[in-house]
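[1] Fold the following for me, if possible:
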Amino acid sequence: MRFSVLGAAALLTTAASARSLSFMGAESSSQHTLEDVFPVPGDNPLQYCAKPVDEILEITSVDLSPNPPSAGTTLTIKASGTFTKDVEEGAKVHLQVKYGLIRIINQEADLCENIKEVDLECPLKKGPMTLTKDVELPKEIPPGKYTVLADVYTKDQEKITCLTATVIFKRGGQVEIVN
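    Okay, here's the model as predicted:
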């Protein structure tokens, strides 16, 4: 499971650099059209799954270098944001990865177990947070279209954040931007 979560996280951040996160949702007080997008601030193409209202993590910025990344390179992720409340043990990440139309990962993972990979640990305290992480992207990423969804929530089912991405890897490790 560790490989799946880390691999999907790498794909999500790669997809972020590929300018394509479009998972549609609706907040309770209004509806959004399929064309609505909610970009994450920073030098990235990340988008929220839906308008980020009342989420526990308010993302200030996510910067990727290089942007866009390619297979066989090191991707540096710099992120900052603010937690509006503590995130305790028991928080989960629902992770889905599709290769084309085929779902290759559909799992729920413990956030606190996996957050250690970016040198953080639970409880995540209310207030500002920053992280920098290098991710080695394998040379052997099979060409094709990948769609990644990471929906993060507390043990009480409160939304922490939700991000999604679509990226197309071409032969030779090149990334195509998908809008």
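[2] can I assume residue 89 is in contact with residue 121?
    No - applying CB atoms under 8 Å, one finds residue 89 not in contact with residue 121, separated by 10.0 Å. From N, CA and C alone the C-beta is placed, and that goes for glycine too.
[3] which residues of this protein score low on pLDDT?
    Low-confidence segments of the chain (pLDDT under 70): 1-35, 173-179.
[4] switch the cut-off to 80
    Filtered on pLDDT under 80, the chain yields the residue ranges 1-35, 45, 68-69, 171-179.
[5] Can you show me the helices along it?
    Assigned by DSSP state H, the helices in the chain fall at 2-17, 111-114.
[6] residues near residue 66, how many?
    Using other CB atoms under 10 Å, residue 66 is surrounded by 11 other residues.
[7] From here on, call the first residue 779.
    Understood, numbering begins at 779; the last thing we discussed is residue 844.
[8] What's the separation between it and residue 830?
    Noted for residue 844: a distance of 26 Å to residue 830, by CB to CB, to the nearest Å.
[9] just residue 872 next, same as before
    Distance from residue 872 to residue 830, counting by CB to CB: 17 Å.
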